[in-house]
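Novice: next come a sequence and a model predicted from it.
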Amino acid sequence: MDVLQDLLNYYGQNAWYVWEQFYKQFLMSAYGVLFGAIVGIPIGIFIAHHNRLSPWVISLANIIQTIPALAMLAVLMLVMGLGPIQSCLLFFFIRYCQLLKIRIQGFEMSIRPCSNQEKEWA
């Protein structure tokens, strides 16, 4: 019970600081996802229309997605240091790969002709 009371006291005394840190983290996440969408969706559309590239790109995206976010942050930290830009890049790489794969697979599904079995189900 003392822990809960201490936590409430801390938030009562440092509410503005906690809110400021939350807002910074939220913006880093939002920017990473936004930039990933801005880059991933058009490139995914382009690659979906060029069938030779899509297996290679999907394989590369699958490989990048197997790297856990914490390990990717460690690699970025070793190469570029630590800061908000690296966090945005981390979110960018994670969301970029997901959006790219989804966009390519979605367009391939909508472009390819239906089989007889799929026509019967529709």
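Specialist: Everything's here; your move.

Novice: which residue is the nearest non-sequential neighbour of Val57?
Specialist: Ile47 (5.2 Å; Cβ to Cβ, 6 or more residues apart in numbering). All C-beta atoms are positioned from the backbone trio N, CA, C, and that covers glycine.

Novice: where do the helices of this protein begin and end?
Specialist: 2-13, 15-49, 54-66, 69-80, 84-111, 116-121 (DSSP state H).

Novice: now those helices as TSV including mean neighbour count and mean pLDDT?
Specialist: As requested, these are exported to TSV (neighbours: other Cβ atoms under 10 Å; pLDDT from 0 to 100):
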stretch	mean neighbour count	mean pLDDT
helix 2-13	9	90
helix 15-49	15	85
helix 54-66	14	80
helix 69-80	12	78
helix 84-111	18	76
helix 116-121	8	54
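
Novice: list the contacts for the residue nearest to Val57?
Specialist: By Cβ atoms under 8 Å, 6 or more residues apart in numbering, the contact set of Ile47 is 53-54, 57, 100, 104.

Novice: and the residues you listed, which two are the farthest apart?
Specialist: Leu53 and Leu100 (11.1 Å; Cβ to Cβ).
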